[in-house]
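*Asks:* need the 3D shape of this:
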Amino acid sequence: MKLRFYTLNIVIACLFLGSCSNFQKEVGTMIIHGGTIYTVDSAQTTVEAVVTKNEIIVFAGSFEEAKKYQNEQTEIIDLKNKTMTPGLIEGHGHFMGLGYNELELDLMNTNSYQDIIDAVAEKVKTSEPGEWIIGRGWHQSKWDSLPENVVKGFQTHHLLSEISPDNPVYLRHASGHAGFANAKALEIAGFNGFTKEGINAFHLEGGEVIVDQFGNPTGIFNERAQSIISKHIPEKTPETDVQAFKLAIAACYKNGITSFHDAGISKETIALYDEMQLAGKMEIRIYAMLTGWDEELLNEWYEKGPRIDPDHRFTIRSVKLNCDGALGSRGAWLLESYADRPDHFGHETLPMDFVHKTAIKGLKNNFQVCSHAIGDRANREILDRYESAFTEMSMLEADHRFRIEHAQHLHPDDIPRFAHLNVIPAMQAVHMSSDRPWAIDRLGEKRIKEGAYMWQDLLQSGVPIVNGTDVPVEPINPIASFYASVSRKTLKGIPEGGYEPAQKMTRVQALKSYTLDAAYGAFEENIKGSISIGKLADFTIYDQDLMTVDENQILNTEIVMTIFNGKVVYEKIE
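*Replies:* As a prediction, this is how the structure comes out:
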């Protein structure tokens with residue numbers, strides 16, 4: 001008791017006399033200074049220095065003031081005229097898909113069918129007979145040219161089957177909404193008769209097995225029909241899961257990503273993440289969406305309620321619903337038929353009654369609902385179901401933060417509904433850069449100009465946009481998505497002035513979509529997304545100022561350092 005009284009007297013004396021400054025002084029574990037620091041905090045948009053204490057920001061302001069937090073143990077990081085922002089947040093991606101893309105055949109940079117053949121031929125050389133060859137990343141609409149034989153805009157399996165007669169091959173489309181199998185994989189899946197009637201027996205609601213004029217399978221499986229092949233692919237092992245997990249973290253660090261919105265995880269993935277967290281290896285912040293394909297899993301979590309991780313490493317409080325397909329595979333669900341396939345409207349891959357039911361259960365059990373929608377009909381149908389649920393539950397004004405993932409193509413009448421219903425569009429700007437050159441063939445000029453990639457219209461209506469890449473659909477590189485956001489150009493820098501330039505984001509908007517607005521989309525704006533006192537010490541450092549550098553130099557920007565939880569976790573070797 002005497003010791004406590006003595007200490008209290010010292011504190012009181014210090015307060016009145018202004019002495020004992022060393023007694024009260026707070027010491028930082030890290031001081032960062034020497035470059036432009038963008039805070040994404042409206043109170044002070046740039047600062048000279050930032051001080052952290054362990055994992056928390058304790059000061060942001062002038063360097064002179066920051067030095068007061070220094071002692072002999074404080075780590076000093078001199079930016080040397082480089083630029084720092086809050087740690088970037090991947091607002092929609094597939095974390096384990098990112099990791100497995102590092103392990104499997106990466107077809108992201110293939111420019112022709114022949115490139116695919118060459119890549120598989122090399123893989124065959126090192127594969128055991130009968131071993132599955134799995135890959136992802138091809139996109140026929142991005143190729144320099146299509147092969148001679150195409151069916152409904154896709155290649156056929158014959159060349160693939162010739163170079164891999166003994167190894168089953170399955171190559172997922174870059175979008176993940178279609179897949180390409182060779183004859184050996186078709187044989188394993190039971191496609192032996194090759195009659196039209198036999199093929200029809202394999203059709204699934206919400207999917208399509210593409211066949212040629214004789215009714216023979218071409219090897220292309222669209223949307224839910226992919227399960228016909230995928231159920232025969234050997235399951236991943238615990239060892240490869242851990243390897244992919246570690247590779248995904250490393251890829252995030254290299255790209256300045258400190259938080260990741262994981263768009264649809266299974267019971268098995270939850271178990272893996274729990275194991276990694278228990279072992280102290282969850283060195284990334286994952287905001288996870290439960291996969292809507294597993295109703296039993298959803299019901300289990302409705303009963304348990306959201307998991308808000310106090311360590312901010314692995315939070316579960318949302319549900320991901322896959323409601324249509326992709327534009328590239330003509331699976332996006334449209335109000336009017338495809339311009340380049342007049343009899344086709346895409347696919348409703350999940351019954352809309354289930355969307356309504358999930359919205360109700362989400363509201364009742366405090367879960368955010370995030371619905372994948374690319375086509376204008378899918379977006380309208382989901383907004384209708386959300387609105388019905390909000391009305392039914394008297395929660396139109398509630399802070400539910402329901403989301404639509406992609407919101408890529410909207411009917412003009414539906415654009416203001418996002419703000420009216422407080423629904424957040426989570427849009428990947430790099431999709432515009434990759435898709436816009438050929439998307440006009442799918443939708444036609446009118447629909448493109450009035451409703452595709454409507455970033456500025458949505459922002460001006462009063463809703464934030466959550467940015468990202470949808471990795472592994474696109475590479476995780478945030479610089480590419482930032483460039484697409486502000487230029488509306490392809491990554492080759494065309495066209496001059498950008499596509500539909502009125503919809504460009506400003507650089508401030510683009511940075512906010514990757515930081516504070518992305519944090520808002522996960523109910524985490526009070527702990528991350530800006531460099532503000534009390535928030536988590538996650539930072540991304542660049543070799544040049546992406547906020548002021550000439551537009552044609554943005555893509556040359558490199559991540560040179562990533563700081564996660566107050567520690568340097570990546571540093572580019574000079």
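*Asks:* pLDDT below threshold where in the protein?
*Replies:* Scanning the chain for pLDDT under 70 picks out 1-25, 192-204.
*Asks:* can you give me the domain boundaries for it?
*Replies:* Per automatic domain parsing, the structural domains of the chain span 2-81, 104-230.
*Asks:* out of those domains, flag the one nearest residue 430.
*Replies:* Evaluated over those, closeness to residue 430 peaks at domain 104-230, with 11.6 Å, by CB to CB. For glycine as for every other residue, the C-beta is placed from the backbone atoms N, C-alpha and C.
*Asks:* got the end-to-end distance for the closest one?
*Replies:* Between the opening and closing residues of domain 104-230 lies a distance of 15 Å (CA to CA, to the nearest Å).
*Asks:* quick one: that domain to chain centroid distance?
*Replies:* 25 Å (CA atoms, centre = their mean, to the nearest Å).
*Asks:* what ranges does the stretch 1-150 of the chain have for its strands?
*Replies:* Counting by DSSP state E, counting those that start in this stretch, the stretch 1-150 of the chain has strands at residues 30-38, 46-53, 56-61, 75-78, 83-86, 88-93, 105-106, 133-138, 150-151.
*Asks:* take the ones you listed and write them to TSV, including mean neighbour count and distance to residue 262.
*Replies:* Compiled in TSV, those are given as follows (neighbours: other CB atoms under 10 Å; distance: least, CB to CB, whole Å):
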stretch	mean neighbour count	distance to residue 262
strand 30-38	21	26
strand 46-53	22	26
strand 56-61	20	24
strand 75-78	15	30
strand 83-86	25	20
strand 88-93	29	7
strand 105-106	18	20
strand 133-138	23	17
strand 150-151	14	35
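*Asks:* I'd like the ones you listed as JSON lines, with distance to residue 167 appended.
*Replies:* Formatted as JSON lines, these follow (distance: least, CB to CB, whole Å):
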{"stretch": "strand 30-38", "distance to residue 167": "50"}
{"stretch": "strand 46-53", "distance to residue 167": "51"}
{"stretch": "strand 56-61", "distance to residue 167": "52"}
{"stretch": "strand 75-78", "distance to residue 167": "49"}
{"stretch": "strand 83-86", "distance to residue 167": "45"}
{"stretch": "strand 88-93", "distance to residue 167": "29"}
{"stretch": "strand 105-106", "distance to residue 167": "12"}
{"stretch": "strand 133-138", "distance to residue 167": "5"}
{"stretch": "strand 150-151", "distance to residue 167": "23"}
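*Asks:* relative to residue 463, which of those strands is closest?
*Replies:* Proximity to residue 463 (CB to CB) singles out strand 88-93 among the strands of the stretch 1-150 of the chain, at 13.7 Å.
*Asks:* and the contacts of the closest one?
*Replies:* If you take CB atoms under 8 Å, 6 or more residues apart in numbering as the criterion, strand 88-93 is touched by 252, 255-263, 405-406, 426, 428, 466-472, 476, 478, 513-515, 518-519, 521-522, 528-529, 540.
*Asks:* which of those residues are buried?
*Replies:* Among these, those that count as buried by neighbour count (16 or more other CB atoms under 10 Å) are 252, 255-263, 405-406, 426, 428, 466-472, 476, 478, 513-515, 518-519, 521-522, 528-529, 540.
*Asks:* for stretch 110-125, which outside residues touch it?
*Replies:* 105, 107, 133, 135, 137-138, 140, 142-147, 155, 159-160, 163-164, 167, 169, 171, 180.
*Asks:* buried subset of those residues, written for PyMOL?
*Replies:* Buried residues among these (16+ other CB under 10 Å), as a PyMOL selection:
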select buried, resi 105+107+133+135+137+138+140+142+143+147+155+159+160+163+164+167+169+171+180
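*Asks:* got a list of what residue 358 touches?
*Replies:* Contact partners of residue 358, counting by CB under 8 Å, 6+ apart, are 292, 298, 319, 321, 369.
*Asks:* name the SS class of the closest residue to residue 355 other than its chain neighbours, please.
*Replies:* Leaving out its chain neighbours, the residue that sits closest to residue 355 by CB to CB, 6 or more residues apart in numbering is residue 385, at 4.4 Å. Look at residue 385: counting by DSSP: H, G, I helix; E, B strand; the rest coil, its state is helix.
*Asks:* neighbours of residue 385, just the number please.
*Replies:* 23 (other CB atoms under 10 Å).
*Asks:* any idea how far residue 232 is from residue 187?
*Replies:* Using CB to CB, to the nearest Å, we find residue 187 at a distance of 10 Å from residue 232.
*Asks:* give the residues shared as contacts by the two.
*Replies:* Common neighbours of residue 187 and residue 232 (CB under 8 Å, 6+ apart) are residue 168.
*Asks:* before we move on, back to that, tell me which of the strands of the stretch 1-150 of the chain lies nearest to residue 274.
*Replies:* Closest approach to residue 274 among those is made by strand 88-93 (19.9 Å; CB to CB).
*Asks:* and that closest one, which strands flank it?
*Replies:* According to DSSP bridges, strand 88-93 forms sheet pairs with strand 257-265 (parallel).
*Asks:* right, and the helix or strand after the partner strand?
*Replies:* Using DSSP states H and E, the helix or strand that follows strand 257-265 in sequence is helix 267-278.
*Asks:* with only the CA atoms kept, save the following helix or strand past that next one in PDB.
*Replies:* Moving toward the C-terminus from helix 267-278, the next helix or strand (DSSP H and E) is strand 285-291. Taking C-alpha atoms only, strand 285-291 is exported to PDB below (Å, rounded to 0.1, in the frame of the first residue of the first chain):
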ATOM      1  CA  ARG A 285      -5.400 -10.600 -41.500                       C
ATOM      2  CA  ILE A 286      -8.100 -12.700 -43.000                       C
ATOM      3  CA  TYR A 287     -11.700 -11.500 -43.200                       C
ATOM      4  CA  ALA A 288     -13.500 -14.600 -44.300                       C
ATOM      5  CA  MET A 289     -16.800 -15.300 -46.000                       C
ATOM      6  CA  LEU A 290     -18.400 -18.700 -45.400                       C
ATOM      7  CA  THR A 291     -19.100 -20.500 -48.700                       C
END
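*Asks:* and the angle from strand 285-291 to strand 257-265?
*Replies:* Taking axes from the mean of the first three to the mean of the last three CA atoms, to 10 degrees, one finds strand 285-291 and strand 257-265 inclined to each other by 10 degrees.
*Asks:* one step back: now do the residue nearest to residue 355 against residue 348, distance only.
*Replies:* Going from residue 385 to residue 348 by CB to CB gives 12 Å.
*Asks:* likewise for residue 442?
*Replies:* Separation of residue 442 from residue 348 (CB to CB) stands at 17 Å.
*Asks:* more crowded one of those two?
*Replies:* A count of neighbours by other CB under 10 Å puts residue 442 above the other of residue 442 and residue 348, at 24 against 20.
*Asks:* dump the residue contacts of the more buried one.
*Replies:* 327, 330, 332, 338, 339, 340.
*Asks:* the strands in the stretch 251-400 of the chain, which residues?
*Replies:* 257-265, 285-291, 314-322, 368-373.
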